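Visitor: for reference, the sequence and a predicted model appear below.
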Amino acid sequence: MANWCNNWVVFEGTAEAIEQITQLFKSMAEQEQKDDCGQLPDFVQDTHGDYFYNISQDNESAGVFQYETKWSPNTEAVKQIAEHLKVDFTHEYEELGCLVYGQAIFEDGILTNTCLDSQDFCSYELDEDTDTYHFEGKEYDSEWEILDTLLERKIENQLNTTKI
């Protein structure tokens, strides 16, 4: 049985392109309900089993979708959608059972994918007696804030490295 990777993607582009994406995701969600299996747009080349499952849309924000994939994010499939419809995107994903946590940004035709590695996950620990996490001398009720901090630092380091 697959571990499910949670994905959130925000597309940015013209109103027409966002409407096309909305219709595409709506169509995939409807087809998934009929077929009871993951979906890919016809124009996307599947190379890694990058199917979309349990697709939903944020009804308050155009171009914002949530869905699941098996084991890992499907950033390449999202990139193909963006290239096809000439839009940018921010793709956030997590599957903590497989130590997957990251963010991909596609802007002006350039993909930047930043994810945590095993060393990042080893930088904090859970105190099972108190059910709290310990990171850099502080105590946290949840690991999410820690993961966000680690990812933000990694993104900032990448930005600083590319500026040099």
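Guide: Noted; the coordinates are in hand.
Visitor: so Asp120 sits in a strand?
Guide: No: under DSSP: H, G, I helix; E, B strand; the rest coil, Asp120 sits outside any strand and is assigned helix.
Visitor: excluding its backbone neighbours, what's nearest it?
Guide: Leaving aside its chain neighbours, Asp120 sits nearest to Leu150 (4.8 Å; criterion: CB to CB, 6 or more residues apart in numbering). Heads up, the C-betas are built off the backbone N, CA and C, glycines and all.
Visitor: who touches the least confident helix or strand in the chain by mean pLDDT?
Guide: Lowest by mean pLDDT, DSSP states H and E among the helices and strands of the chain is helix 144-163, with a mean of 89. Identification of contacts with helix 144-163 by CB atoms under 8 Å, 6 or more residues apart in numbering yields 94, 101-103, 112, 114-116, 120, 123-124, 133, 135, 140.
Visitor: before we move on, the earlier item: can you get me a residue count around the residue nearest to Asp120?
Guide: Close neighbours of Leu150, defined as other CB atoms under 10 Å, add up to 20.
Visitor: can you tell me how far it is from Tyr51?
Guide: Applying CB to CB, to the nearest Å, the value for Leu150 to Tyr51 is 29 Å.
Visitor: likewise for Trp4?
Guide: With the distance defined as CB to CB, Trp4 ends up 12 Å from Tyr51.
Visitor: same question for Gln33.
Guide: Per CB to CB, Gln33 is found 14 Å from Tyr51.
Visitor: could you count how many residues lie near Ile55?
Guide: By other CB under 10 Å, the residues close to Ile55 number 21.
Visitor: SS state for it?
Guide: With three-state DSSP as the criterion, Ile55 reads strand.
Visitor: hang on, isn't it packed against Gly38?
Guide: No: contact status for Ile55 versus Gly38: not in contact, 9.4 Å apart, counting by CB atoms under 8 Å.
Visitor: right, I'll call it a day here.
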